[in-house]
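*Asks:* Prediction below, plus the sequence it came from.
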Amino acid sequence: MRPSLSNRRSAMARLLAAALAPASMLAPAPAPAQSQAQAAWPVRPITLVIPFPPGGQTDVVGRLVGERMSQRLGQPVVVENRPGVNGSLASEAVARARADGYTLVIGGPGTHAINQLVNSNVKYDARRDFTHIAMLGRVPMLLLASPRLKVASVADVVALAQASPGTVNVALTGIGSSSHVTTELLRQAAGVSFNNVPYKGDVPAMTDVMGGQADLLFVPATSAVGFAQAGKLRALAVAGDRRLAALPDVPTMAEAGQPQVVNYSWTSLAGPPGMPADVVERLNQACQSLLAEPEVVARLAAMSNEPTPGTPAQAASFIAAEVARWSEVVRKGNIQVQ
């Protein structure tokens, strides 16, 4: 039986409507491009910026993290050292990079807390202009004296500074450095005055303290333990919450009568603001995994460094607390890069 004229017309109308319909109505909607990119991440090498020269603590930790992160993510992590303006130039470049997870930076007290407080040319705010992914590790600051200085304790240093205000020469590894703000912590806590002598980095500062051209300095324990063990520098106290295994006879600042003087040089992993949450989570999980690796723990311990794993929220909270803490110390000490 042949279809009626009306049925044939209805069928033709349906065919014509289907032919004219937009392709989006006929095929399943593709996943958004961003979701596809995130699901596939990473599909190419990741750049890890270290804002200091090769060889320092930040560089060593950053390269170790990059190596182990590459193993977990299945893509190369390419380390780029970009020193300049105490790490601010490279950090600012990362803050302005695309927030796609392919450009990251190793942060520290200077780049992600202190620089913005002491240098008006720093144009970023570490609290809001980065995605904070994870804390990595920390090492306590160590107070060291020249072997030529006739002091054996923190109490001796305080007594000497009280007896002769402004005559004790303290080497600083840079204006606004961890060395500087830890010195300022001691000065404010003890109510004394020092003659601060700024240097460009740990090595020249320690060299002059060893030679007696300067009297004291604070540096990360990583930089100085070997010199203290060899007797080239006299370790007076550890600005941490416990003694160092490498220097078991050296007291903490609290044991030496200055409990307010606690400071660690730390490292963190950060990226540009607005990174996708799933990329941040994957990076954080990679960090937590590698920081639990026995070999990584051992390599950090050899540098008097301890891992500090945690969540992105904990990293962001820590950075905000550091900025607030040092803001008050910098204000009281009138610390500014000229």
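*Replies:* Done, it's in. Not measured: the values here are computed from a predicted model.

*Asks:* would you list every one of the strands in the chain?
*Replies:* In the chain, the segments counted as strands under DSSP state E are 46-50, 77-81, 103-107, 131-145, 169-172, 195-198, 216-220, 234-239, 264-271, 306-307.

*Asks:* Next, the angle strand 77-81 makes with the third one.
*Replies:* Right, the one you point to is strand 103-107. Orientation of strand 103-107 against strand 77-81 (axes from the mean of the first three to the mean of the last three C-alpha atoms, to 10 degrees) gives an angle of 60 degrees.

*Asks:* residues making contact with strand 103-107?
*Replies:* 46-51, 58, 61-62, 65, 90-91, 94, 97, 111, 126, 130, 132-133, 136, 267-272, 283, 319 (C-beta atoms under 8 Å, 6 or more residues apart in numbering). Placement of C-beta: from N, CA and C, glycine included.

*Asks:* Tabulate the strands of the chain in a markdown table, adding columns for mean pLDDT and mean neighbour count.
*Replies:* Listed next are the strands of the chain as a markdown table, based on pLDDT from 0 to 100; neighbours: other C-beta atoms under 10 Å:
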| stretch | mean pLDDT | mean neighbour count |
| --- | --- | --- |
| strand 46-50 | 98 | 22 |
| strand 77-81 | 97 | 17 |
| strand 103-107 | 98 | 26 |
| strand 131-145 | 98 | 26 |
| strand 169-172 | 98 | 24 |
| strand 195-198 | 96 | 16 |
| strand 216-220 | 97 | 29 |
| strand 234-239 | 98 | 24 |
| strand 264-271 | 98 | 26 |
| strand 306-307 | 96 | 18 |
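
*Asks:* Output the ones you listed in JSON lines, with distance to Asn115 appended to each entry.
*Replies:* As requested, the strands of the chain are exported to JSON lines (distance: least, C-beta to C-beta, whole Å):
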{"stretch": "strand 46-50", "distance to Asn115": "15"}
{"stretch": "strand 77-81", "distance to Asn115": "18"}
{"stretch": "strand 103-107", "distance to Asn115": "11"}
{"stretch": "strand 131-145", "distance to Asn115": "16"}
{"stretch": "strand 169-172", "distance to Asn115": "15"}
{"stretch": "strand 195-198", "distance to Asn115": "15"}
{"stretch": "strand 216-220", "distance to Asn115": "17"}
{"stretch": "strand 234-239", "distance to Asn115": "20"}
{"stretch": "strand 264-271", "distance to Asn115": "14"}
{"stretch": "strand 306-307", "distance to Asn115": "24"}
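
*Asks:* Where in the chain is the helix or strand with the lowest mean pLDDT?
*Replies:* helix 23-26 (a mean of 38; mean pLDDT, DSSP states H and E).

*Asks:* low-confidence ranges in the stretch 101-250 of the chain?
*Replies:* Counting by pLDDT under 70, the stretch 101-250 of the chain has no low-confidence residues at all.

*Asks:* what ranges do the helices span in it?
*Replies:* 115-118, 154-163, 178-190, 202-211, 221-229 (DSSP state H, counting those that start in this stretch).

*Asks:* Quick one, which of these gets closest to Gln338.
*Replies:* helix 115-118 (10.0 Å; C-beta to C-beta).

*Asks:* on contacts alone, who are the packing partners of the closest one?
*Replies:* helix 312-333 (3 or more C-beta pairs under 8 Å, 6 or more residues apart in numbering; DSSP states H and E).
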